[in-house]
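[1] build me a structure from this.
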Amino acid sequence: MSDDATAYESLADAHGGEERWAFGTGFDDPLAGVDTTVPPGVDAGALALECLALGDDALVMSQRLSGWCSNAPELEDDVALANIALDLLGQARLLLTRAGHADPSLRPGGAPAHIPDEDALAYFRQPGAYRNVRLAELDDDGDFARCIARLFVFATSRLAQLTRLTDSKDPVLAAIAVKGGTELTYHREYAAGWVVRLGDGTELSHQRMQDALEWVWPFVRELVDDPDDRAEFDAVLAQVLRTATLVVPAVAGDGARGRSGQHTDALTELLANLQGVARAHPDATW
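    I've put the predicted structure just below:
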C-alpha cells in the first residue's frame with residue numbers, strides 16, 4: 001500500500017475511470033457462458049456445503065456491515081462500507097444459489113415454493129443451520145475500530161480462500177472465486193489502510209485499535225483450515241500489524257465453530273432482523 005493511494009483511486013484505475021469507483025463493481029455476469037452442471041468427479045454434496053459456508057459468511061458479514069450505513073465517521077466511509085456490504089451480498093447470492101443447485105436437500109422445508117434457493121436459504125433457515133464463521137455475526141456495538149479489525153481479518157482470510165478456489169474443479173465456484181477475489185482485494189486494502197491509520201495514529205486511536213484486535217482474536221482460529229491459506233493470512237496480518245505498530249494478541253478461542261452450527265446469541269438477533277419481512281409475508285414476491 002502506498003501512502004498517497006486510496007482504495008477508490010486504485011479501483012478506478014483498474015476499471016479505467018473514476019465513474020466506476022464502487023468496490024469490486026463489475027457489470028458483467030460472472031457466470032455468463034459457464035456450464036452450471038456439476039462436473040463428473042465432483043462431489044455435489046461436498047460442493048454444496050462449501051458454497052453454503054462461504055455464502056453464509058458473506059451474507060452475515062454483509063448484514064453486519066450494512067448497519068454502518070449513515071453511522072460511519074465520514075461520508076466516504078459510509079459509502080465504502082455500504083459498497084463492501086453489497087459486494088458480499090452479491091457473493092452470497094451466487095454461492096447460495098450454487099449450494100441449492102448442487103444439493104436440493106439443503107432447501108428448508110418451510111420455504112415457499114415460489115422463491116429461489118438463495119432466498120429460501122437466506123430467510124427460512126434457523127440459526128443452527130447456518131454455517132458462517134462466528135466472527136461475521138458478532139455485534140460490534142457501533143465501535144468503528146472493531147468494525148475495521150473484523151473486516152480486515154475477514155477480508156484477508158476470505159481472499160486467501162477464494163484465491164485458492166479459482167482453481168476449483170467446479171467451474172461455477174471458480175468463476176465466483178475470480179469475481180470475489182477482485183472485490184476482496186479492495187475490501188482488504190480499505191480495511192488495512194484504516195488499521196494502519198488508527199494503529200499508528202494517536203495514543204488513543206492506537207489503544208482503540210489494539211483493543212479491537214483483542215476483541216476479534218478469539219474468533220480467528222476458525223477462519224482458515226487450509227495450511228497454504230493460513231500461511232498467506234499470517235503473513236499479511238504480520239506485515240500490516242507491524243506497520244500499524246500493533247501486536248498480535250495472545251487471546252485464545254473457546255473451540256466452538258460456526259461451521260458446525262455453534263453460534264453466539266448475536267446470530268439469532270441478526271437473523272431476526274434479516275428474515276423478519278420474508279417470514280411475516282411468505283407469499284409475497286420481490
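
[2] which ones are touching residue 30?
    94, 175, 176, 178, 179 (Cβ atoms under 8 Å, 6 or more residues apart in numbering). The C-beta positions use only the backbone N, C-alpha and C, and glycine is treated the same way.

[3] of all those residues, which two lie farthest apart?
    Using Cβ to Cβ, the contacts of residue 30 span at most 11.4 Å, a distance reached by 94 and 178.

[4] those two: who's more crowded?
    residue 94 (23 against 14; other Cβ atoms under 10 Å).

[5] now residue 205: which helix or strand?
    helix 203-216 (DSSP states H and E).

[6] now do that helix: everything it contacts.
    Helix 203-216 has contacts (Cβ under 8 Å, 6+ apart) with 135, 138, 143, 145-146, 148-150, 153, 195, 197-200, 241, 244-249, 251.

[7] which ones among those residues are found in helices?
    Per DSSP state H, helices hold the following members of the contacts of helix 203-216: 135, 145, 146, 148, 149, 150, 153, 195, 197, 198, 199, 241.

[8] nearest spatial neighbour of the third one, skipping sequence neighbours?
    Looking back up the chat, that one is residue 146. Once flanking residues are discounted, residue 146 sits nearest to residue 140: 3.9 Å by Cβ to Cβ, 6 or more residues apart in numbering.

[9] repeat for the second one
    Across the structure, with Cβ to Cβ, 6+ apart as the measure, the residue nearest residue 145 apart from its sequence neighbours is residue 212 (3.8 Å).

[10] which regions of the stretch 1-150 of the chain sit below the pLDDT cut-off?
    1-28 (pLDDT under 70).

[11] which residues in it form helices?
    Secondary structure of the stretch 1-150 of the chain (DSSP state H, counting those that start in this stretch): helices located at 7-15, 44-66, 75-102, 117-123, 134-137, 144-165.

[12] of those helices, which is nearest residue 221?
    With distances scored as Cβ to Cβ, the stretch of those nearest to residue 221 is helix 134-137 (10.0 Å).

[13] list the buried residues in that closest one.
    134, 135, 136, 137 (16 or more other Cβ atoms under 10 Å).

[14] kindly report the same for stretch 162-173.
    So, applying 16+ other Cβ under 10 Å, buried residues of stretch 162-173: 162, 163, 165, 168, 170, 171, 172, 173.

[15] now flag whichever of the residues you listed is closest to residue 184.
    Among those, and counting by Cβ to Cβ, the member closest to residue 184 is residue 162, at 6.4 Å.

[16] spatially central residue in the chain, please.
    Most central in the chain under Cα atoms, centre = their mean is residue 58, positioned 3.8 Å from the mean C-alpha point.

[17] in this structure that residue contacts residue 86, no?
    No - in this structure, residue 58 is not within contact of residue 86 by Cβ atoms under 8 Å, at 10.9 Å.

[18] returning to that earlier point: what's the closest of the buried residues of helix 134-137 to residue 256?
    Residue 256 has its nearest neighbour among the buried residues of helix 134-137 in residue 134, at 6.9 Å by Cβ to Cβ.

[19] thinking the closest one is in contact with residue 259, fair?
    No - using Cβ under 8 Å, residue 134 makes no contact with residue 259, being 9.3 Å away.

[20] identify the contacts common to those two.
    residue 222.

[21] residue 59: how many residues sit nearby?
    Neighbour count of residue 59, defined by other Cβ under 10 Å: 26.
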